[in-house]
Structure formats: C-alpha cells, structure tokens
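Chemist: Sequence first, then the predicted structure, then my questions.
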Amino acid sequence: MSESNIDYIIVGAGSAGCVLANRLSGDSGVSVLLLEAGGSARHLFLQMPSAFSYPIHMQRYNWGFESQPEPFLDDRRISCPRGRGLGGSSSINGMVYVRGHAADFDTWETLGASGWNYQNCLPYFRKAESWEGGADDYRGGTGPLGVTNGNGMKNPLYQAFIDAGVEAGYAATDDYNGFRQEGFGPMHMTIARGIRASTANAYLRPVQKRPNLQVMTHAQVLSLAMHGRVVNGVNVLRDGSEETLLARREVILSAGAVGSPTILQLSGIGPTDVLSKAGVPVRHELPGVGLNMQDHLEVYFQLRCNQAITLNGQLGLFSKGLIGVQWLLFRTGLGATNHFESCAFIRSKAGIQWPDIQYHFLPGAISYDGKLAVKGHGFQVHVGPNKPKSRGSLSIESNDPMSKPKLEFNYMQHPDDREAFRACIRLTREIMGQPAIKQYVENEIQPGEDVQSDDEIDAWIRANAETAFHVSCTAKMGAQDDVMAVVDKECRVLGVAGVRVVDSSVFPEITNGNLNAPTIMVAERAADMIRGQPLLASEDVPVFEHPDWRSQQR
C-alpha cells in the first residue's frame, strides 16, 4: 500500500486504535494506516498476565506522564502511566474487564452523547467479547476479545472475601458485567488461553497481513496537517525526519485521553488561552479540549494473614521461576492470572441508586507496581469511589511536540469525594470484620487501627491514594450547543472536517469501573459509524436496581 494512497490514518495503536484497524480494514476497498509511536508488544512481560507490574516501569512501554503537585493529596505528583507500543495501555494494564454500569451509558446520553445509551452500547460489548461462560443476553461468545476469570479462584481467600460481603448484608452476583453489577463475586479479566488479551493480540495480529492495512511503528505524530479547518493528514516524526502523510477520507485520533487532546492542541485546536501561552496559532477555538479530565483513585486496605496461603510466599526467585516455567510450558497456574479474581461493587450510602464503590481483592499484600511487599503473609483489597466529582485539565505548555503536557487532576478537590473515601474505609473495615474473612486476619496493616476519625482518614487518604490508571473524558462527546463538547455523537471533532477522536477521551463522564472494556466498545461502535454501516440493533434487557435504594445502603 502506497503512503500516498491512504483512506484512513489511525493515530495510536492502543485499546481503540487496534480495534479500528481491524474493523476498518475489513473493507477490502479501503486502505488503512495505523501509526504507533512505540514499537512491538511481543515482550514476554507483555504476554504473561502475572508479569504486568514489570512493563509499567519500562520507558519502552510507558509514556511516563506525571501530574502537577496535587493540592488535595499533600502536593504529591501522581504517576500517570500510559501505554506506548502496539496494544497501548491494554498491553501494560491490569487486564481487569469491567464494562461499567448500564446507567453510565444512559447518563452519557443525558449529557449530550445522543444514542450512546446502554441499549445501544450493549450489542457492541457483546460483539467484542468471547466470554468463557458462553454467550447470553448480556455476554458475547464469539468476539475477538477473550475474557476469563483467570485461575478459577483456587486460593480460598477469594471466596472468603465474597462470603464476607454476603455476611455483611450485601448480595452475591454471578456476573457483574451482566444483569447485576451490585454485589460480591468473581472478577473477569482479558486473558485468553493463559495469555494477555491485549487489543494487539486480540484485534491486530490476526489481520496484520491484510494487504490494505499498514502498521507503522516508531512513528510519532507531531500534529494534524490542515488546510483551513479541514484535516487532510498528519505530520509525523520517524527515523529522525519529519514528513506529512495524507489521508483521502479521515484521520482518527486514538492516542488516548492524554495523547489525543495533546495532538489537537498542538494542531491549534483547543482553548485560546492555552494555545496562546504555548505559542501555537489558533486554527479553531474549541474550549473543551483538555478539560473535564477524570480519573479514579484507590487505596490498598491491607491485612496481615495468619496462614501461609498468600502470594507473599511466592515472591522468591525460586517460586517465581517455577511459576514462569509452568506458564511457559502450559500457559497455566499463577502466571496465567492477574491475581484479582474476586471483586465487589457496592453503594456508599442510602439514596444512591447505583454502585459507586469498587473493590479488587488480591490474596497478597504488595504494591500494584510490585516494588513493595509486606514481610510475612498478608492480603489486601483495592478500594475507591468510582464516581468522583473533582475535575482536572490537560494543557500543552509549549509548541514542542516532544514536551509532555501539564496534567492537573485536582484529585479530591470536591468535598463529596472526601466523604466517599471515608465511607470506603469504614465499610471495608466492617466487611473485613465478618467471620468468613476474619478467620484469616492477624491484624490490620493499613490504614491501621489508629486511623479512625474523619480527619485521620482524610490525612491517610491524602498521603496514600494512588491512581487506578483510568484517565479519561478530556475530549468529551456532546451536543453542538455544549461549550465543553469536543466531538459529536459520531466522534467527529466539532467545527473541523476530516478528523475524529475515538478513545476514552470522548467519554462524557467516567464509567463505574475499569476503562479498557468501554474503550473497546466505543471503538467497535465508532467503526460502524465511520464505515457508514447500519448500527447494531439495540438490545433492551433488564438491569438490577436495588428495590430499597432510597432508604437502604445494602
């Protein structure tokens, strides 16, 4: 395929970009060029599920963004890892598969994303997925993306956590991605046949030899090529030289919630004050580019275990070697899971209609990046509010495309977010005090029994909260009359022809859970829009709502 004969240019081979490359190139009558600033994703650590803590530290696979000092988190700079290379963040993330609550997508529609309600999004979740439990009204059985429970909850602590939730008065749920999100149950992950199901593995590799698809790695897009307010290509740096690649139909930005708004701003599309300060001529004023930024925070609630059954006993070189050998030979065992095999979604208080707190349970006491582990045996639950009200912003500070943008999340700025975290700590203590899990508990490691009052909890959260790696909403989808909207309901950039944004930046509001699944869904649905195909028929299925949510917390 000649570079001068390209119909679609996709910028970014991440969770959305690989989906688009697959679906758009399925039409043999069009040519597709997929551009990726990073390289391949074949490294062993990107394939072995339990090794996910390693690539997140490798500059080769992580852009390594960082926030400004966060005033409500003791002025700490919060790491903001973003995937670099084929598969993007789906190649370095924790592989947790959470679609979000049905109400998330109905809310999107009320916020101006016409047509993006749950009934219309559900068919695309099903289209993407191959769920090990088989297809039903909610789940897909033949899609590219493999979804499993990992190692089958063999460690007894997984079920003990679920049982403790039931003892505390919550319900069990067999499938939080189906009829009922609210409750305690097994967690799902993007793993297929023991291997990480990144979008590079699931969507791109099976079609990479199509003659109408070209994948160009180590190609960093500097800006959009524009004629007036029409985008006709991209300016790219590769092999030390700059060049312009032209698209006959469209350019699609899928560079993620940091990358896509950054490219728009570098191209002169964004808030006038930001562009002027950075020395970028304004091509089209679009105030919402880089605003509305949202993310999830979480903390690790850690407990010392009185039995030698946790992952802390598997951290030695010999144990890791045995795990690695079993995975290499058979793709089974502790190497074939992300270790988050049970979870929960609950409501923080009465009067909240849908779950707003999420738990990831881990039968080990160790930091997410693997750097810090508790001596002896322990386990932990990651917990945080999923509906933050604080909003941040992203802005370029110069016209140098190699400079990283300024990220100001304003984590915990809104008082309701602080109240929600207090509920997280107190409700978690109650759950962990139930007989099913308490039988394994020696003592609370953190926050620690001395952290009790609102002020003490707030101080501990400020010092310990970490990102859940869910940055989003920086180029929100909305109606024409929404001053904050960046793209319309078909992901086309407002006021500019020839360019769309398709990734988690277009979310009007962050979803109730991890973001990889809804990002893939958005790309699946947008692909049909771009191709001019009829959208899949809506599917009206029931969704659980607690009958007494107005008066009961559980």
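Modeler: Great, that's in hand.
Chemist: Show me what the closest residue to residue 506 other than its chain neighbours is bridged to.
Modeler: Nearest non-adjacent residue to residue 506, counting by CB to CB, 6 or more residues apart in numbering: residue 477, 4.6 Å away. From N, CA and C alone the C-beta is placed, and that goes for glycine too. For residue 477, the beta-bridge partners are residue 487 (DSSP bridges).
Chemist: swap in residue 305?
Modeler: residue 441.
Chemist: Go ahead and confirm it touches residue 442.
Modeler: Yes - under the criterion of CB atoms under 8 Å, residue 305 makes contact with residue 442 at 6.6 Å.
Chemist: Counting neighbours, go ahead and name the busier of these two.
Modeler: Per other CB atoms under 10 Å, whichever of residue 305 and residue 442 has more neighbours is residue 305, with 24 against 13.
Chemist: Any figure for the gap between the more buried one and residue 412?
Modeler: For residue 305, the distance to residue 412 equals 30 Å [CB to CB, to the nearest Å].
Chemist: cool, and residue 178?
Modeler: With CB to CB as the criterion, residue 178 and residue 412 are 32 Å apart.
Chemist: So between the two, which is more surrounded?
Modeler: Set side by side, residue 178 and residue 412 show more neighbours around residue 412, with 24 against 18, by other CB under 10 Å.
Chemist: dump the residue contacts of the more buried one.
Modeler: Taking CB atoms under 8 Å, 6 or more residues apart in numbering, we find residue 412 in contact with 70, 72-73, 297, 390, 418, 421, 461-462, 465.
Chemist: How about residue 381?
Modeler: 161, 300-301, 359-362, 428, 432.
Chemist: Just these: which are in helices?
Modeler: Among the contacts of residue 381, the members found in helices (DSSP state H) are 161, 428, 432.
Chemist: quick one: which of these is nearest to residue 520?
Modeler: residue 161 (27.5 Å; CB to CB).
Chemist: which one of the contacts of residue 412 is nearest residue 452?
Modeler: residue 461 (13.3 Å).
Chemist: Let me know the helix or strand that the closest one is in.
Modeler: Assigned by DSSP states H and E, residue 461 falls within helix 454-464.
Chemist: helices or strands up against the helix or strand following that helix?
Modeler: Per DSSP H and E, the first helix or strand lying C-terminal to helix 454-464 is strand 466-467. Using 3 or more CB pairs under 8 Å, 6 or more residues apart in numbering; DSSP states H and E as the contact criterion, the elements in contact with strand 466-467 are strand 79-80, strand 297-305.
Chemist: and strand 466-467, what's its mean pLDDT?
Modeler: In this model, strand 466-467 has an average pLDDT of 96.
Chemist: I'd like the next helix or strand past that strand.
Modeler: Following strand 466-467 toward the C-terminus (DSSP H and E): strand 499-501.
Chemist: Buried residues, stretch 386-405. List them.
Modeler: 386-388, 390, 392-396, 399, 401, 405 (16 or more other CB atoms under 10 Å).
Chemist: for stretch 433-442, same thing?
Modeler: Applying 16+ other CB under 10 Å to stretch 433-442 flags 434, 436-437, 440-441 as buried.
Chemist: Tell me where the stretch 1-150 of the chain has strands.
Modeler: 6-11, 32-35, 65-66, 79-80, 129-131, 145-147 (DSSP state E, counting those that start in this stretch).
Chemist: Give me the sheet partners of the second one and which way each runs.
Modeler: Spelled out, it's strand 32-35. Here strand 32-35 has these sheet partners by DSSP bridges: strand 6-11 (parallel), strand 213-216 (parallel).
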